[in-house]
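Visitor: sharing a sequence plus its predicted fold:
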Amino acid sequence: MLNLQAHRLTPVTWQCSPHADERPDSHDISLLVVHGISLPEGEFGGPYINDLFLGCLDCNAHPNFAILEGLRVSAHCLIRRDGEIIQYVDFNRRAWHAGVSSWQGRERCNDYSIGIELEGTDSTPYTKQQYQALAEVTRVLQQHYPAITNERIVGHEDIAPGRKTDPGPAFDWQQYRALITKTART
Ligand SMILES: [Zn+2]
């Protein structure tokens, strides 16, 4: 059973990302952003997403990593293909996941959002374990941060259209939203 104490999930693996800072208003946590990521693109299970978020990615490890040189990004959590959850940034702090972004006319979504990365690509179906874990995380987050209503759960592609495409058409919003409703009731 997932729990949340002092802005951290338990029992969940904790890895401290240096790519984070204070929110302008630590009480304003009112948006959940779902992402998809894989490194290298389309390959799952390697150490590279973790390394990227921890600031220790070897950009020579793969030809496609050259563009990641110097990139300082993070997310609050990563959900791996098997449903394992890793947290990198406390929820009351600002993770650097959204980039240039805007939701309902308000810019800089990192200021007031929580970012959850699913290991995957825009075109590979996400796993059942990932939907389950994401729904569990969502339930706990909504309990602690009630401003994150169901209408304020979006994809990266929704807050950075034209620039970002994740979590992509492979992400089944209908299945996820059905799970949230079910999880909230039980
Ligand atoms: Zn993203």
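Guide: Nice, I can see it.

Visitor: for this structure, which helix is longest?
Guide: In the chain, with assignment by DSSP state H, the single longest helix is helix 128-144.

Visitor: so which other helices or strands are in contact with it?
Guide: strand 3-5, strand 31-37, strand 77-79, strand 113-119, helix 173-185 (3 or more Cβ pairs under 8 Å, 6 or more residues apart in numbering; DSSP states H and E). Bear in mind the C-beta positions are built from the backbone N, C-alpha and C, glycine included.

Visitor: recalculate using a threshold of 10 Å.
Guide: Here helix 128-144 touches strand 3-5, strand 8-10, strand 31-37, strand 77-79, strand 85-87, strand 113-119, strand 153-155, helix 173-185, going by 3 or more Cβ pairs under 10 Å, 6 or more residues apart in numbering; DSSP states H and E.

Visitor: report the inter-axis angle for that helix versus strand 31-37.
Guide: Counting by axes from the mean of the first three to the mean of the last three Cα atoms, to 10 degrees, helix 128-144 lies at 160 degrees to strand 31-37.

Visitor: just the angle between helix 128-144 and strand 113-119, please?
Guide: Orientation of helix 128-144 against strand 113-119 (the same axes, to 10 degrees) gives an angle of 170 degrees.

Visitor: and helix 128-144, average pLDDT?
Guide: Mean per-residue pLDDT for helix 128-144: 97.

Visitor: ok, back up a step: so for the ion, which of the helices and strands packed on helix 128-144 sits nearest?
Guide: For those, proximity to the ion was assessed by Cβ to the ion; strand 31-37 is nearest, at 3.3 Å.

Visitor: is the ion within reach of that closest one?
Guide: Yes: using Cβ under 5 Å from the ion, strand 31-37 reaches the ion at residue 35.

Visitor: can we start the residue count at 23 from this point?
Guide: All set: I'll call the first residue 23, so the last point we hit is now strand 53-59.

Visitor: what does the next helix or strand after that strand contact?
Guide: Using DSSP states H and E, the helix or strand that follows strand 53-59 in sequence is helix 70-76. If you take Cβ atoms under 10 Å, 6 or more residues apart in numbering as the criterion, helix 70-76 is touched by 35, 37-42, 59-62, 69, 78-81, 83-84, 87, 90, 93-97, 100, 102, 108, 110-111, 117-119, 139, 141.

Visitor: could you redo the last one with a cut-off of 7 Å?
Guide: The contact list for helix 70-76 (Cβ atoms under 7 Å, 6 or more residues apart in numbering) reads 37, 39, 41, 59, 61, 79, 83, 90, 95-97, 100, 110, 141.
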